[in-house]
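Participant: I'd like to go over a predicted model; first the sequence, then the structure.
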Amino acid sequence: MSETELSHEIADAEGENQLDEDDRLKPEYVRAVLDAVEAGDAEGARALVEPLHPADIADLFELTPHEDRPGLAHAVADLLDGDVLAEMNDYVREDLIDALDPREVADLASELDTDDAVAIIEDLDADEQREVLRQMEPDDRAAIEEALSYPEESAGRLMQRELIAVPEHWTVGDAIDYLRGHEELTTDFWEIFVVDPGHKPVGTCQLSWILRTPRFVSIADVMKREQTLIPTDMDQEEVALRFQKYALISAAVTDASGRLVGMITVDDIVHIIQEEAGEDTLLLSGAGDGDINEPIRFTVRTRLTWLTINLGATMLSASVIGLFQGEIARYALLAVLMPIISALGGNAGTQTLAVMVRALAMNQLTSSNTLRMLGREFSVAMCNGAALGMIGALGSYVVFRDPTLSAVFGIAMSFNSLVAGIVGVIVPVTLDRANIDPAVSSAVFVTTITDIMGFLSFLGLAALVGLGG
């Protein structure tokens, strides 16, 4: 592409909206940026990228091929700040951070709230972490080191330490003067936390209340004493459920002694909800992270592991079929109908399993209602099994004109549907009680059990009534 053509393309891209109707970067815009980078026109590339929101700049890097990202990063280096890295996909961010020296990473992390800085630094190797932390200011380093001491995916990792806390004996005027008189205070907050002399939270006060209350009124008289406190060791999924249940905008985080050490805001929870929902769906399929930016070797390793486990489960099911090879040899139609029994049983089990995993993830399934849920799914399975059994029996009779085969087929289908409904509840609940994530391994158990019971019921009934004899 000539310089004249490139200049026209850049001008066209600058003159139109970079986003489509779904707020995604347009392919022609991405191509224009990469063409500018390839042509060595860093100024043109920067002019194209500068109007973008940090989240859209992050999307631009994710849409850029792996081998072209270093060139793009070099061209728009001054736009590649901490806010962009915080919005970036983990794998893409790792690629870019690997290309930066520890001083640059430390500078970027220092621009961010503690939670976003931790998200960047926690993925580094131990040696790289130490080097980056060594380059940071003592206060920033201490805050991040403390956050890293908490378990992964816990409230301690998720929280930010930048918050506003005032004593309960202050007046509204004292709080306003404090906010106006200290420029170093955080500017992104929705409520003020009220603490006692031991720095333990005793209430909260929304900014709207502060603005509408006379200066002489005591904070203790206007604050709300009921609040949702988040322990530092609480899992982030449980934190998200609390935000959803109580419609929180922000919440105080307390340490083991009950002292206020940070806060969590709803913008972080939105990311957690999205991550957890996608994670459970992918785990059910055995697809790992399911990230299109994940290195191929990691994807192959994860998927191959679960495919190997599924292979073993399938061979177990096949061994059941081997027990009835004589009946199958005498009556070949059994082999024609077996896959239908297996497929419908697996689908019915997966439906129940998906409902149970979601209920467990949302804390809807507890010890108090597990038996009721089992009864509910048992009823659903009975109704579905009866309907499928009648339809299957009728269909097989129309095709094969064998009433005995049709009856065996219908009964086996009904029975396997009932088994699928029961194991679809029992397996994830049992795994959850054993502190094993039901989203990870439930599918293998459920499909294996439904396959085995489907083959046993169908071929066993066929042998019992002497089909093909």
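Facilitator: Looks like it arrived, so ask away.
Participant: only C-alpha atoms from now on, for both contacts and neighbour counts.
Facilitator: OK.
Participant: mind checking how far the nearest residue to residue 219 once chain neighbours are set aside is from residue 202?
Facilitator: Of all residues beyond its chain neighbours, the one nearest residue 219 is residue 171 (5.1 Å), with distances taken as Cα to Cα, 6 or more residues apart in numbering. Spatial separation of residue 171 from residue 202 under the definition Cα to Cα, to the nearest Å is 15 Å.
Participant: quick one, which of the two is more surrounded?
Facilitator: residue 171 (21 against 18; other Cα atoms under 10 Å).
Participant: I'd assumed residue 215 was in contact with the more buried one.
Facilitator: Yes: contact criterion Cα atoms under 8 Å: residue 171 and residue 215 qualify, at 6.5 Å.
Participant: point out where this structure drops to low pLDDT.
Facilitator: Counting by pLDDT under 70, the chain contains low-confidence ranges at 1-17, 276-294, 306, 440-441, 468-469.
Participant: how about residue 194, secondary structure?
Facilitator: Assigned by DSSP: H, G, I helix; E, B strand; the rest coil, the conformation of residue 194 is strand.
Participant: confirm that residue 123 sits in a helix.
Facilitator: No: counting by three-state DSSP, residue 123 is located in no helix; its state is coil.
Participant: so who does it touch?
Facilitator: With Cα atoms under 8 Å, 6 or more residues apart in numbering as the criterion, the residues that contact residue 123 are residue 94.
Participant: measure residue 26 to residue 56 for me?
Facilitator: 11 Å.
Participant: again with residue 466
Facilitator: With distances taken as Cα to Cα, residue 466 is found 68 Å from residue 56.
Participant: comparing the two, which shows the higher neighbour count?
Facilitator: For residue 466 and residue 56, the more surrounded residue by other Cα under 10 Å is residue 56, and the numbers stand at 20 against 12.
Participant: which residues touch residue 419?
Facilitator: With contact set as Cα under 8 Å, 6+ apart, residue 419 has these partners: 345, 450, 453.
Participant: also residue 240?
Facilitator: Contacts of residue 240 were listed using Cα under 8 Å, 6+ apart, and they are 269, 272, 273.
Participant: give the buried residues for the one helix or strand it maps to.
Facilitator: Using DSSP states H and E, residue 240 falls within helix 236-246. Using 16 or more other Cα atoms under 10 Å as the test for burial, helix 236-246 gives 236, 237, 238, 239, 240, 241, 242, 243, 244.
Participant: check stretch 31-43 too.
Facilitator: Neighbour counts over stretch 31-43 (16+ other Cα under 10 Å) mark 32, 33, 34, 35, 36, 37, 38, 41, 42 as buried.
Participant: okay, the residues you listed in a markdown table with distance to residue 113 next?
Facilitator: Shown next, in a markdown table, are the buried residues of stretch 31-43 (distance: Cα to Cα, whole Å):
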| residue | distance to residue 113 |
| --- | --- |
| 32 | 33 |
| 33 | 30 |
| 34 | 31 |
| 35 | 34 |
| 36 | 33 |
| 37 | 31 |
| 38 | 34 |
| 41 | 33 |
| 42 | 30 |
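Participant: just those: which are in strands?
Facilitator: Secondary structure assignment (DSSP state E) places none of those within strands.
Participant: can you give me the helices in the stretch 201-350 of the chain?
Facilitator: Ranges of helices in the stretch 201-350 of the chain, per DSSP state H, counting those that start in this stretch, are 207-212, 219-222, 236-246, 266-285, 296-322, 325-330, 333-361.
Participant: closest to residue 46 out of these?
Facilitator: helix 266-285 (28.4 Å; Cα to Cα).
Participant: distance check, the residue positioned nearest the centre of the chain against residue 153.
Facilitator: Centroid check for the chain by Cα atoms, centre = their mean gives residue 275 as the closest residue, at 1.9 Å. Counting by Cα to Cα, the separation of residue 275 from residue 153 is 11 Å.
Participant: what would the helices of the stretch 201-350 of the chain look like in JSON lines with distance to residue 368?
Facilitator: Supplementary listing: the helices of the stretch 201-350 of the chain in JSON lines, determined by distance: least, Cα to Cα, whole Å:
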{"stretch": "helix 207-212", "distance to residue 368": "40"}
{"stretch": "helix 219-222", "distance to residue 368": "39"}
{"stretch": "helix 236-246", "distance to residue 368": "19"}
{"stretch": "helix 266-285", "distance to residue 368": "24"}
{"stretch": "helix 296-322", "distance to residue 368": "33"}
{"stretch": "helix 325-330", "distance to residue 368": "46"}
{"stretch": "helix 333-361", "distance to residue 368": "13"}
